[in-house]
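Undergrad: model the following, please.
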Amino acid sequence: MKDIVLALLGGLALLEMSFLSEVIDTFLALPTICMILIILFIILIIIVAIIKSLIRTTIRAYFWKKFLSSSEKQTTGDQPSQQQQRQSPPPSQKPSKNCPDCGGQMRYIEEYNRWYCDSCQEYK
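TA: Below is the predicted model of the structure:
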């Protein structure tokens, strides 16, 4: 291609030909550089899409686990959370009575003015 362009412009001086040769080389190299840039741009877009997909999947999995754990707590409403089990009320000196649900001993918690069943682990 370069030789054809130089043959068409045959009447130019040697100095002009060397300049023209550089311009033609630059012109012919331009599409290759553009193709490389386009390919790199496409690769960059693919990498960004993969990273966004992984991040979105990770975020969805995190919130899905949170959602499932909260829905399991709601469906198993009889079982208190671990925090409630650890924070059992302090014993009191009031007389005890029996739980209407399980028949176990209940104790009165003055702080909440309520009766607490240790077997059911809930206030009555």
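
Undergrad: can we go C-alpha only for contacts and neighbour counts from here?
TA: OK.

Undergrad: where in this structure is the helix or strand with the lowest mean pLDDT?
TA: Across the helices and strands of the chain, mean confidence by mean pLDDT, DSSP states H and E is lowest for helix 82-86: a mean of 55.

Undergrad: after that helix, next one along is what?
TA: On the C-terminal side of helix 82-86, the nearest following helix or strand under DSSP states H and E is strand 97-98.

Undergrad: output the contacting helices and strands for that following strand.
TA: strand 105-109 (3 or more Cα pairs under 8 Å, 6 or more residues apart in numbering; DSSP states H and E).

Undergrad: what is the strand it packs on packed up against?
TA: Packing partners of strand 105-109 (3+ Cα pairs under 8 Å, 6+ apart): strand 97-98, strand 114-117.

Undergrad: okay if I get these as JSON lines plus distance to residue 43, mean neighbour count and mean pLDDT?
TA: Converted to JSON lines, the helices and strands packed on strand 105-109 look like this (distance: least, Cα to Cα, whole Å; neighbours: other Cα atoms under 10 Å; pLDDT from 0 to 100):
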{"stretch": "strand 97-98", "distance to residue 43": "72", "mean neighbour count": "14", "mean pLDDT": "84"}
{"stretch": "strand 114-117", "distance to residue 43": "64", "mean neighbour count": "19", "mean pLDDT": "88"}
